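# predicted coordinates and the sequence they were generated for:
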Amino acid sequence: MSEDYEGISSLLKGMFSSPEARRSMSANQRAAYVWHNVNGDVERAHTTGVFLKEPHVKGAAPILGVYVDSRMRAVDFRANREVYRARLSMGGLEVSEIEFIVSQYGHGAAPRKEHVSGAAAGKMPKTPLPELTGSEQDAVKKLAESVPESLRGSVYKAMSLSFRREKSRDTNDGTSRP
């Protein structure tokens, strides 16, 4: 499946690399193009579709809908939605909100287990995430300072959660971060 994705990704990059081609795209196509360009491999691999919809408040920027292949990815991506909004803004796409929706078709590496009970799916009880040290908190604050003040609090929370998850993974893998 990943070979297919890489081939399609390369094809789309080639098709839309010229400014003339981007001008001829629909709003939804431009949104998908920006989403894929400003985000990393994980987001691209687990995104199954992107679309724009009308905002809840007249005159506001549109809402970006992003279909993802699993509930866990939707939860992870929701935690970072303000980071994604900042990235999209830097890529030239202003959105008032991002909604992550689990695709009923799915794709990618994450197996779908919606119809299996927690015990049968092999889910482990959740352990609390490790807290950040003072120096780690300072590093996150410094990174969050680069975004507009209106987004800073949300970005700080999202980045802190991301650091804590990474720290948890490192601890569980038997490795540690410096």
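Here it is on my side, so go on.
# in the longest helix seen in the chain, what's buried?
Across the chain, the longest stretch assigned as helix under DSSP state H is helix 149-173. Across helix 149-173, burial judged by 16 or more other C-beta atoms under 10 Å covers 151-152, 154-156, 158-161, 163-164, 167. From N, CA and C alone the C-beta is placed, and that goes for glycine too.
# average pLDDT for stretch 76-91, rounded please.
For stretch 76-91, mean pLDDT is 94.
# list of residues touching that stretch?
34-35, 37-39, 43, 46, 64, 66, 68, 94-95, 98, 100, 147-148, 151, 154-155, 157-159, 161-162, 165 (C-beta atoms under 8 Å, 6 or more residues apart in numbering).
# one more time with 7 Å
By C-beta atoms under 7 Å, 6 or more residues apart in numbering, the list of residues contacting stretch 76-91 from outside reads 34-35, 37-39, 68, 95, 98, 100, 147, 151, 154-155, 158-159, 161-162.
# before we move on, the earlier item: between the buried residues of helix 149-173, which sits nearest residue 58?
Residue 58 lies nearest to residue 151 out of the buried residues of helix 149-173, by C-beta to C-beta, at 22.5 Å.
# which residues touch that closest one?
Contacts of residue 151 by C-beta under 7 Å, 6+ apart are 82, 85-86.
# among these, name the ones in helices.
Those of the contacts of residue 151 lying in helices (DSSP H): 82, 85-86.
# residue 54: which of those residues is nearest?
residue 85 (17.4 Å).
# what about the closest one, how many residues nearby?
22 (other C-beta atoms under 10 Å).
# same check on the one 10 residues further on?
Neighbourhood size, residue 95 [other C-beta under 10 Å]: 23.
# do the one 5 residues further on as well
In terms of burial, residue 100 registers 22 neighbours under the definition other C-beta under 10 Å.
# so what's it up against?
Residue 100 touches 66, 68, 74, 77-78, counting by C-beta under 7 Å, 6+ apart.
# same thing with residue 168?
129-130.
# how about a cut-off of 10 Å?
127-130 (C-beta atoms under 10 Å, 6 or more residues apart in numbering).
# so which of those residues comes closest to residue 27?
For the contacts of residue 168, the nearest to residue 27 is residue 129 (37.7 Å; C-beta to C-beta).
# not counting residues beside it along the chain, what's closest to the closest one?
Nearest non-adjacent residue to residue 129, counting by C-beta to C-beta, 6 or more residues apart in numbering: residue 164, 4.0 Å away.
# measure the one you found to residue 27 for me?
Between residue 164 and residue 27 the distance is 36 Å, computed by C-beta to C-beta, to the nearest Å.
# hmm, back to that, reformat the contacts of residue 168 as JSON lines; add pLDDT, secondary structure and distance to residue 54.
Output for those, formatted as JSON lines (pLDDT from 0 to 100; DSSP: H, G, I helix; E, B strand; the rest coil; distance: C-beta to C-beta, whole Å):
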{"residue": "127", "pLDDT": "71", "secondary structure": "coil", "distance to residue 54": "41"}
{"residue": "128", "pLDDT": "79", "secondary structure": "coil", "distance to residue 54": "39"}
{"residue": "129", "pLDDT": "78", "secondary structure": "coil", "distance to residue 54": "36"}
{"residue": "130", "pLDDT": "83", "secondary structure": "coil", "distance to residue 54": "41"}
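# thank you, goodbye.
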